[in-house]
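In: sequence below, structure please.
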Amino acid sequence: MSSRLPRPAPLFLILVVLPTFLACLYFAFFASDVYVSEARFVVRSPSKAAATSLGQVLSGSGLSGASEEGNAVVEYLESRSALADADRDGLLTHAYTAGSVFVLDRFGGFLPINRERFFDYYLGKVEVEPDPTTQVLHLSVSAFEPAQARAINERLLERSEALVNRLSSRARTDAVSVAEEDARTAQRRARDAAVALAGYRNRAGIVDPEKEAESRLQGIAKLEDDLVSVRTQLQQMEQFTPAAPQIPYLRSQVATLQREIAGRRSGVAGGRNSLSAAGARYQVLLLDSELAGKQLAAALISLQDAHAEARRKRAYVERIASPSLPDYPIRPRRLGGVLAVLVLGLLAWGIASVLLAGIREHREG
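Out: Model (predicted):
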C-alpha cells in the first residue's frame, strides 16, 4: 500500500485552490484600502408639523422635518447632476482614478473611461440612507484616502444645501409673485373704475345722482306745498270776493308753480338727461368701483398671506454630524473576502462534482 497522499483532482485545484490563492494574493498585497466618511443631517422647515420623536424635539423651536425637500436631496445625491456638480474641479475624478489605487479598484481599470461608467462607479461609492422615523439622512462616501473621502462628502453636502435653498427660494418666489401679479391687476381695475366714475361725474356735473334727486324731490315737495297754499287762497277769493284784484296774480302764481313743478319733475325722471337716467349709469359705474375695491382688498389680503406662507416655507439643511475624517480603512474585509472566496469555491466544486458524477453514471448506464 502506498503511503503517499492522493493528489487533489484538477477540478478542485481550478475551482477552490486557485481562486483562494488569488484572493489571498489580492487581499494581502494589492487591494487598496477604502476609507468611509459619514455625515448626518436633516432638512428642516417651519411649515410642517412635527410627527416624530425627533420632529417633536425640533418643533421646540418651531421647526420640523421637511420630508419633501429631504426626498429631493436623496434623489439629487443619487443623480448625475450631483456627480457633475461635485466633480466640476475634478475632485472625484482625481480621487477615483489616481495611479496609486490598484488597477482593479480604481475607476476605469482595463475598461475605457466614459461618464456613464463613472456614474455607475459613483453610485457604488456614495450611499444615502434616509431614516423614515427620524427623517435624518445618513450620507456615506467611500474613497481611497481619508481626506478625499471627507472632501467629497463635504462637497456633496454643500451641493445638497444649495439645492434645498434653491427649491425653498423658488417656492417662496413663485407664491409671492403670483399674489403680487393678482394685486397689481386688482389695483389697475380699481384705478380704472375710480377714473371712470370720476370722469362721469365731471361730464354729468353731478356728484351723486341719488342725493341730487333727493334734494330736487324735496324742492318739488316744497313747491307743491306752495301750490296747494296758493290754490286754497285763490279758491277762497273766487268764492267770497270774486272781484278782488289779487285773483289774477294768484292765478298767474298757480300757473308758474305748475310749470316749475313740471320742469323739475322732468329733470328728475322721464328724459334722457334726467337724474333717473344719470342715476342708472352712475349705479353701474359705482357698482364696478365697489366691486373692484373689494377685489383689491381681497388681493392685498392674499398677498399678505402669501408673504406669511413664504416665510413658513423656508427650508434648510441642518447638520447633525459633519463629514468625518476616517482614521482607519473599514474595507476591504480581507479575511472575510478570502473566506468568502473559499466557501464559494467549495460550493462550486461540490456542485460541479455532483454534476460530473451524474453525467458519468448516465453514460455508464
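In: relative to Glu75, how far out is Pro130?
Out: When CB to CB, to the nearest Å is the yardstick, Pro130 and Glu75 sit 11 Å from each other. Every C-beta, even on glycine, is put in place using the N, C-alpha and C of the backbone.
In: between the two, who's got more neighbours?
Out: Neighbours were counted for Pro130 and for Glu75 using other CB atoms under 10 Å; Pro130 has more, 17 against 13.
In: tell me which residues touch the more buried one, please.
Out: 70-71, 74, 136-138 (CB atoms under 8 Å, 6 or more residues apart in numbering).
In: spatially central residue in this structure, please.
Out: Centroid check for the chain by CA atoms, centre = their mean gives Ala171 as the closest residue, at 3.8 Å.
In: tell me what the helix or strand that residue falls within is packed against?
Out: In this assignment (DSSP states H and E), Ala171 forms part of helix 146-204. Helix 146-204 sits against strand 35-45, helix 67-77, helix 80-86, helix 91-96, strand 137-143, helix 275-312, strand 316-321, with contacts defined as 3 or more CB pairs under 8 Å, 6 or more residues apart in numbering; DSSP states H and E.
In: which strands or helices does the last one pack on?
Out: This points to strand 316-321. Using 3+ CB pairs under 8 Å, 6+ apart as the contact definition, the elements that strand 316-321 packs against are strand 35-45, helix 146-204.
In: what comes up buried for it?
Out: Residues of strand 316-321 classed as buried by neighbour count (16 or more other CB atoms under 10 Å): Val317.
In: give me the mean pLDDT for it.
Out: Throughout strand 316-321, pLDDT has a mean value of 86.
In: which other helices and strands does the helix or strand just after that strand contact?
Out: Going down the chain from strand 316-321, the next helix or strand is helix 334-364, by DSSP H and E. If contacts are counted by 3+ CB pairs under 8 Å, 6+ apart, helix 334-364 sits against helix 10-12, helix 18-25.
In: out of those helices, which is closest to Ser353?
Out: In terms of CB to CB, the element of these nearest to Ser353 is helix 10-12, at 6.7 Å.
In: contact partners of the closest one?
Out: Judged by CB under 8 Å, 6+ apart, the contacts made with helix 10-12 from elsewhere in the structure are 349, 352-353, 356.
In: how about it: buried residues?
Out: Applying a neighbour-count criterion of 16+ other CB under 10 Å, one finds Phe12 buried in helix 10-12.
In: how far is that helix from where the chain is centred?
Out: Its chain's average C-alpha position is 64 Å from that of helix 10-12, according to CA atoms, centre = their mean, to the nearest Å.
In: now do it, average pLDDT.
Out: The predicted confidence, averaged over helix 10-12, sits at 84.
In: now swap in stretch 77-88 and tell me
Out: Along stretch 77-88, the predicted local confidence has a mean pLDDT of 92.
In: CSV please, covering the helices and strands packed on helix 146-204 and showing distance to Leu339.
Out: Listed next are those as CSV, based on distance: least, CB to CB, whole Å:
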stretch, distance to Leu339
strand 35-45, 22
helix 67-77, 33
helix 80-86, 34
helix 91-96, 28
strand 137-143, 22
helix 275-312, 55
strand 316-321, 33
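In: nearest to Ala9 among these would be which one?
Out: Using CB to CB, the nearest of the helices and strands packed on helix 146-204 to Ala9 is strand 137-143, at 39.8 Å.
In: packing partners of the closest one?
Out: strand 35-45, helix 67-77, helix 115-125, strand 126-130, helix 146-204.
In: buried stuff in it?
Out: Burial within strand 137-143, assessed by neighbour count using 16+ other CB under 10 Å, is assigned to 137, 139-143.
In: show me what that strand pairs with in its sheet, parallel or antiparallel.
Out: According to DSSP bridges, the neighbouring strands of strand 137-143, each with its direction, are strand 35-45 (antiparallel), strand 126-130 (antiparallel).
In: okay, the ones you listed in JSON lines with mean pLDDT and distance to Arg188 next?
Out: Formatted as JSON lines, the strands paired with strand 137-143 follow (pLDDT from 0 to 100; distance: least, CB to CB, whole Å):
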{"stretch": "strand 35-45", "mean pLDDT": "89", "distance to Arg188": "35"}
{"stretch": "strand 126-130", "mean pLDDT": "92", "distance to Arg188": "47"}
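In: can you lay out these as JSON lines showing distance to Asp226?
Out: Written out in JSON lines, the entries for those read as follows (distance: least, CB to CB, whole Å):
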{"stretch": "strand 35-45", "distance to Asp226": "78"}
{"stretch": "strand 126-130", "distance to Asp226": "92"}
